[in-house]
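Undergrad: following is a predicted model, sequence given first.
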Amino acid sequence: MNKYVYFFGNGKSEGDKGMKFILGGKGANLAEMTNLGIPVPPGFTISTEVCRYYYSNDKKYPVELKAQIAEGLKKMEMATGKKFGDAQNPLLVSVRSGAAASMPGMMDTILNLGLNEKVVEGMVKKTGNARFVWDSYRRFVQMYSNVVGNLEHEKFEHVINKVKAERGIKEDTQMTAEDWQKVVKGYKEIYKIEKGKDFPEDSQDQLDGAIGAVFGSWNNPRAIIYRQLNKIDESKIFVTGNTIVDAIQKISNFKVNFTLNLPDDKKIITVTAHRRENIGQPLESICTALRRLCEDISDVSIIYPVHLNPVVRETANRILGGHERIHLIDPLNVQDMHNLMNHSTLIMTDSGGLQEEAPSLGKPVLVLRNETERPGFDGAAARHSGPGSVGRK
């Protein structure tokens, strides 16, 4: 029988560092760390051979895979003392892709897979912290809907904004357990409308969907372009998930598809600002500072692709509209955005993705957030500035 699933945990692993082309780089390293006695949480890796089988057999899995995954879950349950799908003592897992060679732009990680309404009720009783549990659940629902359901994050933003408006609050930290419960309900309604079916409650169904998303990500547009540009041997890698820096450098000199008729003597500042934590007074401060910047410095033009969120658009148009050197435009596709960045003098953004990508083009970045999930942002190419400090001298 062919082996497709490799367990690691409790100081022992079925793989090692030499199995990079079978386990992917992440899987091989997890196996090696486990063998070295590092306390790695238990898990299992589905081999790259499954991906090759999947695409060679009309997107079907090997017959042995289902039983081997079930055995891997059983080993995880024994190692953790928890049970997958159990409401009282649930085992929650993360699912991500991995590769022998880095191939950016594939698939984001799914965290806390296994959460459902019954598990949430059990965790509330166990932790005594309903707000924490419902907040975790809404994050999982949005994450799963995006990665597995291919629904854009922006589709869910108005749900949170609506709940905040009803309560008269602005910050996530002001949300109660009941508020997050309303958000989850709203998210699931969007999922049903967009996908034509209910959000999966069964933990095994969730896992099956996540595994399918890993294999499906092999042929997403960014992955295909990256393989073509870098002449990567498809027999040597599976999937991974990181930034798309290398691909950016390949496409950044393509002709920009839009024309703004900007004078050549103007320095272009590209701006994006739309994250949920910036909506409200932070965004007002950012826009006010941008207008003041253009009024004080005559050789600067600002291009701001404005998010479709109506609150963001209203704020940007009200404060920035009407200035001859401030150009409010619709959101751009990936190629046009990277070309715009490449022709800019400075990037000002609250986007974690642009924060990573701009330095690869040699462009300085001003990060418009109080906190960032991107480590190492404060190097030579980027500076961190919370929205409240943007306008200060």
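TA: Structure's in. What do you need?

Undergrad: switch to C-alpha atoms for all contacts and neighbour counts from now on
TA: Will do.

Undergrad: how near is residue 338 to residue 29?
TA: Here residue 338 is placed at a distance of 33 Å from residue 29 (Cα to Cα, to the nearest Å).

Undergrad: looking at the two, which one has more neighbours?
TA: Per other Cα atoms under 10 Å, whichever of residue 338 and residue 29 has more neighbours is residue 338, with 23 against 18.

Undergrad: name the helix or strand for the more buried one, please.
TA: With elements taken from DSSP states H and E, the one containing residue 338 is helix 334-342.

Undergrad: mind listing the strands for the stretch 201-350 of the chain?
TA: Secondary structure of the stretch 201-350 of the chain by DSSP state E, counting those that start in this stretch: the strands cover 267-272, 300-305, 326-329, 346-349.

Undergrad: packing partners of the first one?
TA: Using 3 or more Cα pairs under 8 Å, 6 or more residues apart in numbering; DSSP states H and E as the contact definition, the elements that strand 267-272 packs against are strand 300-305, strand 346-349.

Undergrad: what do you get for the last one?
TA: With contacts defined as 3+ Cα pairs under 8 Å, 6+ apart, the packing partners of strand 346-349 are strand 267-272, strand 365-367.

Undergrad: quick one: strands adjacent to the shortest one?
TA: Listed by DSSP bridges, the sheet partners of strand 365-367 and their directions read strand 346-349 (parallel), strand 382-384 (parallel).

Undergrad: can you name the element that comes right after the longest one?
TA: Per DSSP H and E, the first helix or strand lying C-terminal to strand 346-349 is helix 352-357.

Undergrad: so how far is that following helix off the chain centroid?
TA: Its chain's C-alpha centre lies 11 Å from the corresponding centre of helix 352-357 when counted by Cα atoms, centre = their mean, to the nearest Å.

Undergrad: export that helix as CSV, just CAs?
TA: The C-alpha coordinates for helix 352-357 follow below in CSV (Å, rounded to 0.1, in the frame of the first residue of the first chain):
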residue,chain,number,x,y,z
GLY,A,352,0.1,44.1,4.9
GLY,A,353,0.6,42.7,1.4
LEU,A,354,1.7,46.0,-0.2
GLN,A,355,4.0,46.6,2.9
GLU,A,356,5.8,43.4,1.9
GLU,A,357,5.8,43.9,-1.8
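
Undergrad: please identify the buried residues of that helix?
TA: Taking 16 or more other Cα atoms under 10 Å as the neighbour-count basis, helix 352-357 is seen to contain the buried residues 352, 354, 355, 356, 357.

Undergrad: same deal with stretch 151-164?
TA: Buried residues in stretch 151-164, counted by 16+ other Cα under 10 Å: 151, 156, 157, 158, 159, 160, 161, 163, 164.

Undergrad: figure out how far that stretch is from the centre of its chain.
TA: On Cα atoms, centre = their mean, the centre of stretch 151-164 falls 15 Å from that of its chain.

Undergrad: ok, stretch 210-218 next?
TA: Here the centre of stretch 210-218 is set off from its chain's centre by 15 Å, with Cα atoms, centre = their mean.

Undergrad: returning to that earlier point: looking at the helices and strands packed on strand 267-272, which is closest to residue 109?
TA: With Cα to Cα as the measure, strand 346-349 is the member of the helices and strands packed on strand 267-272 nearest residue 109 (23.1 Å).

Undergrad: who touches that closest one?
TA: Among residues not part of strand 346-349, those counted as contacts by Cα atoms under 8 Å, 6 or more residues apart in numbering are 268-273, 341, 355, 358, 363-368.

Undergrad: ok, those residues vs residue 68, which is closest?
TA: The shortest distance between residue 68 and any of the contacts of strand 346-349, using Cα to Cα, involves residue 355 and amounts to 40.3 Å.

Undergrad: quickly list the domain ranges of this protein.
TA: When the chain is parsed into structural domains using automatic domain parsing, the resulting residue ranges are 1-109+202-242, 117-198, 267-389.

Undergrad: mean pLDDT added to these, as TSV?
TA: What follows is those, written out as TSV (pLDDT from 0 to 100):
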stretch	mean pLDDT
domain 1-109+202-242	84
domain 117-198	94
domain 267-389	82
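
Undergrad: for the residue nearest the centre of the chain, helix, strand, or coil?
TA: Centre of the chain computed as the mean C-alpha position; nearest residue by Cα atoms, centre = their mean is residue 108, 5.1 Å away. Judged by DSSP: H, G, I helix; E, B strand; the rest coil, the three-state class of residue 108 is coil.

Undergrad: residues making contact with stretch 315-333?
TA: Contacts with stretch 315-333, where a contact means Cα under 8 Å, 6+ apart, come from 283-284, 287-288, 290-291, 294, 300-308.

Undergrad: swap the cut-off to 7 Å and go again
TA: For stretch 315-333, contacts defined as Cα atoms under 7 Å, 6 or more residues apart in numbering pick out 284, 287, 288, 291, 301, 302, 303, 304, 305, 306, 307.

Undergrad: which one of the residues you listed is nearest residue 126?
TA: Using Cα to Cα, residue 307 comes nearest to residue 126 of those, at 40.0 Å.

Undergrad: which ones are touching the closest one?
TA: Residues counted as contacts of residue 307 (Cα under 7 Å, 6+ apart) are 274, 313, 331.

Undergrad: at 6 Å instead, please
TA: Residues near residue 307 by Cα atoms under 6 Å, 6 or more residues apart in numbering: none.

Undergrad: that one and residue 301, how far apart?
TA: Between residue 307 and residue 301 the distance, using Cα to Cα, works out to 19 Å.

Undergrad: could you do residue 337 as well?
TA: When distance is defined by Cα to Cα, residue 337 is 16 Å away from residue 301.

Undergrad: settle it for me: which of these two has more neighbours?
TA: residue 301 (24 against 17).

Undergrad: the more buried one reaches residue 290, doesn't it?
TA: No - Residue 301 is not in contact with residue 290 according to Cα atoms under 6 Å; the separation is 10.1 Å.

Undergrad: out of the contacts of stretch 315-333, which comes closest to residue 60?
TA: The nearest one, if we look at the contacts of stretch 315-333 relative to residue 60 and count by Cα to Cα, is residue 307, at 39.0 Å.
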